[in-house]
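Q: Provide a 3D model corresponding to the input given below.
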Amino acid sequence: MSASEDLADVERVLAGDIASFEGIVRRWQGPLINMAYRFSNDRGRAEEMAQEAFLRAYRALAGWRRDATFSTWLFALAANLYRSEIKRTPAQSIALDDIAELMDRRSHQASFEAEERDLMVRRAVLALPAKYRDPMILYYFHEMDVPAAAKSLGLPEGTVKARLFRGREILRSKLPQLVQVPPQLREA
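A: Okay, here's the model as predicted:
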C-alpha cells in the first residue's frame, strides 16, 4: 500500500475526480473492516463502521494536513469513529470476572484449544476500560507499532506504552488460568 498512490488519489479527488476515491477504498477497506471488527467483534457491524469511516474521510479529505501519512490520518479518524460508535451502542460484553470463572470451570476439563483461548483473550480485551482496550486493539490485534497507535489515538508514545503495560497487567490479574501467554499478549 503506497503512500504515493494515496497522495495521488487524494489530490485527484480534491481536484474534482470523485471516482478516484475508489482507489483509496480498495486499498484500505480490508484493514479498516479488520480494525472495526477488533472493536466490535461483529462482522456486520464492522462493515458498517468501516463504511461510515470512509464517508467521514471523504467529507474531511481537505482537512488532511499531510503532516502524517494518509493511512495514519485515516486510521486515526477511523479509530475515533469506532470508539464513539462502541460507546454509543455498546456490544454485549462479559465482565472480566465472569470470563475468569468460565475459564476456571473449563480448566478442570480438557486443556484449552488455541482458538478457544484466543477468543477468551479477545473478549477479555474488549471488556477492558476504553483507555486500555483501544491501545491494545491497535497494537496487538491490528499490529500497529507504538508510534502509529499513538498517532491514531492522539496520545504520546509513552502514554500508549504505559496503557499497554497496564492493560496486560489487568488481563494477567483477571485471567490467571492462562498459564501460557498467547502470542498477541507477549510484551513488545
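Q: where does this protein have its least confident helix or strand?
A: Least confident helix or strand of the chain, by mean pLDDT, DSSP states H and E, is helix 96-107 with a mean of 56.
Q: buried residues in the helix or strand that comes right after that helix, which are they?
A: Using DSSP states H and E, the helix or strand that follows helix 96-107 in sequence is helix 114-127. Buried residues in helix 114-127, counting neighbours by 16 or more other C-beta atoms under 10 Å, are found at 117, 120-127. C-beta coordinates here come from the backbone N, C-alpha and C atoms, glycine included.
Q: what is the nearest of the residues you listed to Arg26?
A: Taking C-beta to C-beta as the measure, Arg122 is the one of these closest to Arg26, at 27.6 Å.
Q: excluding chain neighbours, what is closest to that closest one?
A: Nearest-residue entry for Arg122: Asn41, 6.8 Å, with adjacent residues in sequence omitted and distances by C-beta to C-beta, 6 or more residues apart in numbering.
Q: picking that back up, export the buried residues of helix 114-127 as a markdown table, with columns for pLDDT.
A: Output for the buried residues of helix 114-127, formatted as a markdown table (pLDDT from 0 to 100):
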| residue | pLDDT |
| --- | --- |
| Arg117 | 69 |
| Met120 | 75 |
| Val121 | 77 |
| Arg122 | 78 |
| Arg123 | 80 |
| Ala124 | 82 |
| Val125 | 84 |
| Leu126 | 80 |
| Ala127 | 83 |
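Q: okay, those residues in TSV with distance to Phe75 next?
A: Below are those laid out as TSV (distance: C-beta to C-beta, whole Å):
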residue	distance to Phe75
Arg117	28
Met120	27
Val121	22
Arg122	20
Arg123	23
Ala124	24
Val125	18
Leu126	19
Ala127	23
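Q: nearest to Gly30 among the residues you listed?
A: Gly30 lies nearest to Arg122 out of these, by C-beta to C-beta, at 18.8 Å.
Q: any idea how far that closest one lies from Pro129?
A: Remark: distance between Arg122 and Pro129 (C-beta to C-beta, to the nearest Å) = 16 Å.
Q: repeat that for Asn41.
A: 17 Å.
Q: quick one, which of these two is more surrounded?
A: Using other C-beta atoms under 10 Å, the more surrounded residue of Asn41 and Pro129 is Asn41, with 18 against 11.
Q: surely that one touches Ala127?
A: No: counting by C-beta atoms under 8 Å, Asn41 stays clear of Ala127, with 10.7 Å between them.
Q: count the neighbours of Leu74 for me.
A: 25.
Q: what sits against it?
A: For Leu74, the contacting residues are 24, 28, 32, 53, 57, by C-beta atoms under 8 Å, 6 or more residues apart in numbering.
Q: pull out the buried residues from the residues you listed.
A: 24, 28, 32, 53, 57.
Q: can you report how many residues neighbour the closest residue to the third one other than its chain neighbours?
A: Of all residues not flanking Leu32 in the chain, Ala50 sits nearest, at 4.1 Å (C-beta to C-beta, 6+ apart). With neighbours defined by other C-beta under 10 Å, the count for Ala50 comes to 24.
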